[in-house]
Every structure is written in structure tokens, then in C-alpha cells.
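Asks: please find the sequence and the predicted model below.
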Amino acid sequence: MTVLDDIIEGVREDLAERRRRRPLEDVRAAALAAPAPLDAFEALGAGRAGSMAVIAEVKRSSPSKGALADIADPAALAASYERGGAAVISVLTEERRFGGSLADLDAVRAAVGLPVLRKDFTVDEYQIWEARAHGADVVLLIVAALTDEEIASFLALTHRLGMHAIVETHTEEEVRRAVAAGAPIIGVNVRNLKTLEIDRDVFGRLAHLIPSGTVVIAESGVRDADDVADYAAGGAHAVLVGEALVRHSDPATTIGAFGQAGRTSPEPGVPTHG
Ligand SMILES: O=C(O)c1ccccc1NCC(=O)[C@H](O)[C@H](O)COP(=O)(O)O
């Protein structure tokens with residue numbers, strides 16, 4: 001059994017329990033009554049080259065590293081990410097291996113005016129309705145964990161609800177499946193979710209397979225501004241950063257530096273010479 005299989009087994013058990021406590025009809029009604037979603041595709045630059053959006057993650061722990069940070073106030077952390085210029089806030093809601101929760105999502109949603117990603121292992125449409133009911137604007141669809149039929153139907157539901165999905169890939173075959181599904185936002189996770197190994201070169205090998213007009217996200221393994229610059233050179237419009245931010249004493253400044261490092265065209269009005 002891989003790490004991903006193990007995580008998903010736990011996700012399915014927890015999901016069955018939440019479903020017992022709150023039937024889908026209730027969650028659907030709450031989702032339809034929630035304020036309209038924010039446009040993450042635009043917030044991430046709509047696939048235009050030149051700038052670097054930062055998706056800043058609220059991440060308490062992980063299977064690869066164990067406990068990362070004692071996040072007493074996820075809302076305050078997310079507010080600091082927003083002050084630093086993050087484009088989207090990611091909130092891990094998986095409980096067993098990442099220490100996250102829907103309560104973290106609620107706290108962050110209430111604290112920021114940015115699009116919020118409900119970062120979980122989506123295996124059932126219930127989780128998409130649930131994400132919307134809790135005010136999320138984006139969900140994660142991991143190609144390695146889903147059939148083509150599931151990707152198509154989850155993507156369709158996401159778009160029907162006015163949300164976006166980050167369709168996450170790690171291999172050439174997964175990128176082809178994400179592209180075939182017509183995903184407007186594709187992430188390349190340089191962390192192999194089956195072995196937890198990080199290989200930053202994976203991004204450069206796969207990003208060029210993604211058609212222009214798609215938002216391309218480099219996920220995981222960002223240690224510093226140089227990593228962001230490398231991902232930008234490989235074609236990333238955005239980076240998804242967890243550990244480097246939650247472990248940093250000044251995440252807002254770090255986000256500013258990452259955005260700057262990934263910019264490949266000058267800001268309007270900034271002279272390029274002289
Ligand atoms: O982070 C892990 O160890 C992990 C293990 C298994 C499945 C998923 C995992 N992480 C999810 C992520 O994609 C990251 O939280 C995200 O990309 C940020 O990564 P990082 O900046 O390296 O913390």
C-alpha cells in the first residue's frame with residue numbers, strides 16, 4: 001500500500017462519518033446558500049506569463065515531515081499571508097495525517113478576502129459540496145487518486161458551482177489525462193505522493209506539456225526564492241508553498257520575495273534599463 005492509498009483509506013472513513021452526521025442534502029443546501037465563490041483562475045493570473053502568484057498554505061503537519069508548526073491561530077496566519085501578497089490561501093482539511101480540519105477552513109474563510117483552496121484528497125462529490133458550503137472557492141483533484149470519469153464529473157460539478165479545481169499531476173501520463181479533461185488549472189506536484197520523494201526537476205519535464213491559456217502551478221518543495229525563480233523559468237504561473245511559510249518567522253515578507261523572484265516581466269511603469 002502506498003502513502004497515498006493509506007491517506008485515502010482514512011479520508012474515506014472520515015467522510016463516511018461526516019456523511020452520517022450531515023447528509024448530502026443538508027450540505028447541498030448550505031453550499032447553494034453560501035456567498036458566491038471568488039475567481040481563483042483570475043487571481044492566479046489567468047494563464048498569462050510574466051508574474052508569479054503565490055498560493056500560501058496553512059499546513060500543520062505532513063506524512064513526510066511530521067509536525068511542522070504549532071498554528072494556534074490559522075486565521076491570523078492566513079491574514080499575514082494576505083498582507084504579504086498571496087493570491088490564494090490553501091487550507092489543508094485532512095485530519096489524520098495533516099492535522100487540518102473544516103474548522104481551520106471556516107476560520108481562514110472568515111479572515112481573508114482572497115480565494116480559498118480546500119486542500120484535501122477529493123474522492124467523492126460530497127467533499128466538493130462540503131467545500132462550497134464552508135466558503136471554499138477551489139478544490140484539489142489529484143489525478144493519481146481518480147478515474148477519468150471521476151475527474152470529468154468532479155470538474156463539471158466544481159464549475160457548475162462557480163468554483164475552480166486545481167487538477168494535480170506528477171507524471172506525463174497524468175498531465176495528459178488532466179489536459180484531456182480540459183482542466184483550466186493544472187498543478188505539477190514535485191512530491192511523489194506514493195513515495196514522498198521530492199524531485200524539483202519533475203516540474204520542468206512536465207510543464208511544457210500543458211497548453212497555453214492554462215494556469216500552471218508548481219507544487220511543493222519551495223525552500224527559497226531561487227526555487228521560485230527556477231519554477232518560473234520552467235513556465236510556472238504560480239507556486240504552492242506550505243512548509244517554507246509555516247516554519248518562517250515572517251511569512252508575509254517571504255511571500256513578497258517569492259512573488260518578486262518569480263516575476264519574468266517587469267511591473268508596469270518599472271524601467272527595464274537606464
Ligand atoms: O506534504 C506531504 O508530506 C504530503 C504527503 C502526501 C500527500 C500530500 C502531501 N502534501 C500535500 C502537498 O501537496 C503540499 O502540502 C503542498 O504542495 C505544499 O508543499 P510544501 O511546500 O513542500 O510543504
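Replies: Okay, I see it. Residues are numbered from 1 along each chain as shown.

Asks: tell me the pLDDT of L209.
Replies: pLDDT recorded at L209 is 98.

Asks: once you drop chain neighbours, what's closest to it?
Replies: V175 (4.8 Å; Cβ to Cβ, 6 or more residues apart in numbering). Using the backbone N, CA and C atoms, a C-beta is placed for each residue, glycine as well.

Asks: next up, the contacts around that neighbour.
Replies: Residues counted as contacts of V175 (Cβ atoms under 8 Å, 6 or more residues apart in numbering) are T169, I186, V188, L206, L209, I210.

Asks: shouldn't it be within a helix?
Replies: Yes - counting by DSSP: H, G, I helix; E, B strand; the rest coil, V175 is located in a helix.

Asks: any idea how far it lies from S212?
Replies: Using Cβ to Cβ, to the nearest Å, we find V175 at a distance of 14 Å from S212.

Asks: and what of A252?
Replies: From A252 across to S212, the span is 32 Å (Cβ to Cβ).

Asks: now do A244
Replies: 28 Å.

Asks: neighbour count: these two, which is higher?
Replies: Neighbour count, other Cβ atoms under 10 Å: between A244 and S212, A244 has more, with 20 against 9.

Asks: I'd say that one and S220 touch.
Replies: No - in this structure A244 lies outside contact range of S220 using Cβ atoms under 8 Å: 10.1 Å.

Asks: for the closest residue in space to R177 that isn't next to it in sequence, what are its contacts?
Replies: Once flanking residues are discounted, R177 sits nearest to V143: 5.4 Å by Cβ to Cβ, 6+ apart. If a contact means Cβ under 8 Å, 6+ apart, then V143 has I151, V167, E168, T169, H170, E174, R177, A178 as its contacts.

Asks: next one: phi and psi at S61?
Replies: Here is the backbone geometry of S61 (degrees, to the nearest 10): phi -150, psi 170.

Asks: got it, and Q260?
Replies: Dihedral angles (degrees, to the nearest 10) for Q260: phi -60, psi -40.

Asks: give me the neighbour count for it.
Replies: Q260 has 14 neighbours, counted by other Cβ under 10 Å.

Asks: now swap in Y126 and tell me
Replies: Close neighbours of Y126, defined as other Cβ under 10 Å, add up to 18.

Asks: what residues does this protein put near the ligand?
Replies: The chain comes close to the ligand at residues 3, 57, 59, 62-64, 189, 191, 193, 196, 219-222, 240-244, as judged by Cβ under 6 Å from any ligand atom.

Asks: got a list of what P211 touches?
Replies: P211 sits next to V179 when contact means Cβ under 8 Å, 6+ apart.

Asks: so it, which state does it fall into?
Replies: Secondary structure, three-state DSSP: P211 is coil.

Asks: again, but for the one 5 residues further on
Replies: Counting by three-state DSSP, the backbone at V216 sits in strand.

Asks: bridged to it, which residues?
Replies: Legend: beta-bridge partners of V216 under DSSP bridges are I186.

Asks: helix or strand right after the helix ranked longest in the chain?
Replies: Assignment by DSSP state H gives helix 3-21 as the longest helix of the chain. Downstream of helix 3-21, the next assigned helix or strand under DSSP states H and E is helix 24-33.

Asks: who wins for neighbours among the contacts of V143?
Replies: Greatest neighbour count in the contacts of V143, by other Cβ under 10 Å, goes to V167: 29 neighbours.

Asks: what's the closest non-adjacent residue to that one?
Replies: Closest to V167 by Cβ to Cβ, 6+ apart is A183, at 3.8 Å.

Asks: and the strands in the stretch 51-200 of the chain?
Replies: Here the stretch 51-200 of the chain has its strands, by DSSP state E, counting those that start in this stretch, at 53-58, 61-62, 66-67, 88-92, 116-119, 138-142, 164-169, 185-189.

Asks: so for R12, which of the ones you listed sits nearest?
Replies: strand 138-142 (14.0 Å; Cβ to Cβ).
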